[in-house]
Structures are given as structure tokens and as C-alpha cells.
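Trainee: let me see the structure of the following:
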Amino acid sequence: MNLLHLRYAVEVSKTKSISKAAENLFMGQPNLSRAIKELEESLGIIIFERSSRGIIVTAAGEEFLQYARRILNQVDEMESLYRDGQRNRQKFSACVPRASYIAEAFVEVASQIDLKQPAEFYYKETNPMHTIDNVCSGDYNLGVVRYQEIFSEYFAQTFAEKNLEYRPVVTFSYLLLMSERSPLAKKENISGEDLQEGIEVLHGDPYIPSLSAAETKRAPSNDFSDKHIYMFERSSQFALLHANPNTYMWVSPIPQRLLDAYHLVQRPAFGSNAYTDVLIYRKDYLLTPFDQIFIAALRKKRAQLFENN
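Mentor: Numbering: from 1, shown residues only. Got it, this is the predicted structure:
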């Protein structure tokens, strides 16, 4: 077994295809198949099962791949540290939900960049499962995962299986975000019936795609309207909410400066479910000073926005 074999196995698990992995690795498919077979024989386990649906990772294979990813991440980090003067390069990466308070925390991190040193900062907004995958693969060092409280046991088990550290950031109930010109803006108590005539704006990617339909149906829903607009980018959502007073969106608390900039208001409403945001990172990962600044900024934003709502 060598590092190349580890990279081969990780690439096959990522693509779920021997042919696609071989293409990505710039090698022939027979050579890759032979290398994977040699790796399995040397370990005494089956990593991949071949089926008509493609490549399936076995339970033993998933355990091996967790170790393989950690080893490769550490090797890549070591090489990066000493290659081409990279040792002084400032780095930060986080994969998070589309939440304005988290974006504000990232702004604080970015404000600490030393202009005299090289810097590479990555900030991606996406859904929970993509965040988990990105952190496990090492593409991002930190993640924030958002889920309904009813799924807390599922996610705790997922974090444990994937060898992830996790720290709760905040538990909260969604607020309704709308234009200050919305007919709902002046109502003291907003009910589900009030929302039926409006247009709900939603994030457009799946929330927990790995759950079964039966498990998903157990979750409480805020789906009061039969009219939906699916979007992916927060500033576009704010612009839409401002321009169309018939639209609304369920959100975590929004900083006041954004509400003022887009002439929006946020209101509590009947039927709002409990959600939790959780910080995750790999167990073998050592938090950097920029990571610590980000975590401290999350705590600060939590105190400013959530503890006053």
C-alpha cells in the first residue's frame, strides 16, 4: 500500500465510477482496477462492490476511506506548508448555510488579513449534506450545518460516523422576512392563513437529501403557501423581497443594517420550527488563529442577534 493507492481509492469513492476516476487520474481503467484490487488484497477487505448501479462503498471500505482521507489531507497540508514559500500564506475555508449572521462573522475574519502576506480564503454557502461532504473530503476546513431539531439524533450519528467534531452554535426559531411594504408587516400575530396568499421564497437546493421520504414527512413544515420561488443567492433574495411586497421568507435573525439597506422587516409567526446551527470540523484538524477568530465572531453575532430576539 502506498499514497498513490490511497488517492486512487478516494477518487473512486468520490466519482462512484472506475472509468470516471481513471479519467480524472489520467490513467487507464484496467490499471486503476488492478491497483484497487491489489489494495483490497493487501488490506484483506472489500472496499468497493460493483453493481449495475455502479460502485458502492462497503462498511469496511468507508472506515478505510476515512483514514485514507485524513492521511492524504495531512500530506497535502504538509506539502503545501513547505512548497513555494507557502508557509506564511494565510488560509481560511468554511462551508455554511445561507445565513446573514454567519456571513457577518466571515467579514470579521476577512478584516484580519495581513496585507503584507499572501492569503487564500474560501467561503461557500450550500446545504447540510454538501457541507458535511466538503469538510470530510478536506476541501473545506470548517462547516456550519443547519437542521431542524427533530433531526438532531440523525446528524449527531452522521457526525460520529464521519469522525467529525461538532459544537452547537445556536438553537433558534425562524422569523418571517418581508418588505416593510408587505401587508403582513404591521400585523402583530401572523398565522398560517395569513401566508396562504403570499409567495414563499426558498433556498433552491435539497435540505436533507439522504433521508427517506418517511423520515422527511415526520418533520414539521412551514409550507403554508402553494406559490414558491427557489433561489440560491442571498442578496438576490433580499432584492426580490424588497421589490415584491407579496413575498416572504423564513430566516434566522437578520442584522439590522441589512434590514435597513433593503427596507425589510422580520416578524415572529405561528408555526415557526426550532432549528440548530452546528460548527463541524475533522477530528484530526488543528484549528488555526483565523478559525478561532471565526468561532469568536459567531459567538458575538449570536449574542447580538439571537439573545435579543
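Trainee: skipping adjacent residues, who's closest to residue 123 in space?
Mentor: residue 106 (5.3 Å; C-beta to C-beta, 6 or more residues apart in numbering). Using the backbone N, CA and C atoms, a C-beta is placed for each residue, glycine as well.
Trainee: for the helix or strand hosting the one you found, what is the average pLDDT?
Mentor: Element membership for residue 106, per DSSP states H and E: helix 100-110. Across helix 100-110, pLDDT averages out at 95.
Trainee: so what does that helix touch, helix or strand wise?
Mentor: strand 90-96, strand 119-125, helix 289-305 (3 or more C-beta pairs under 8 Å, 6 or more residues apart in numbering; DSSP states H and E).
Trainee: gap between the two ends of stretch 178-190?
Mentor: 12 Å (C-alpha to C-alpha, to the nearest Å).
Trainee: any buried residues in it, and which?
Mentor: Within stretch 178-190, the residues scored as buried using 16 or more other C-beta atoms under 10 Å are 178-179, 182, 184-185, 190.
Trainee: any chance of the helices and strands packed on helix 100-110 in CSV with mean pLDDT as columns?
Mentor: Below are these laid out as CSV (pLDDT from 0 to 100):
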stretch, mean pLDDT
strand 90-96, 95
strand 119-125, 94
helix 289-305, 94
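Trainee: ok, which of these comes nearest residue 73?
Mentor: strand 90-96 (12.1 Å; C-beta to C-beta).
Trainee: please work out which residues outside that closest one touch it.
Mentor: Strand 90-96 is contacted from outside by 102, 106, 109, 113-114, 117-126, 130-131, 134-135, 139-144, 288, 290-291, 294, using C-beta atoms under 8 Å, 6 or more residues apart in numbering.
Trainee: wait, doesn't residue 136 sit right on residue 282?
Mentor: Yes. Using C-beta atoms under 8 Å, residue 136 is in contact with residue 282, at 7.1 Å.
Trainee: got any residues that touch both of those two?
Mentor: In contact with both residue 136 and residue 282: 163-164, using C-beta under 8 Å, 6+ apart.
Trainee: output the contacting helices and strands for the one helix or strand residue 13 maps to.
Mentor: For residue 13, the element it lies in under DSSP H and E is helix 3-15. Other elements packing on helix 3-15 under the criterion 3+ C-beta pairs under 8 Å, 6+ apart are helix 18-24, helix 29-43, strand 54-57, helix 59-82.
Trainee: now for these, which one comes closest to residue 264?
Mentor: Checking the helices and strands packed on helix 3-15 against residue 264 by C-beta to C-beta gives helix 59-82 as the closest, at 40.7 Å.
Trainee: how far off strand 119-125 does the closest one point, in degrees?
Mentor: Between helix 59-82 and strand 119-125, the angle comes out at 150 degrees (axes from the mean of the first three to the mean of the last three C-alpha atoms, to 10 degrees).
Trainee: and helix 59-82, average pLDDT?
Mentor: 82.
Trainee: contact partners of it?
Mentor: Residues outside helix 59-82 that contact it (C-beta under 8 Å, 6+ apart): 3, 6-7, 9-10, 13, 43, 45-48, 57, 86-87, 136-138, 162-163, 282, 284-285.
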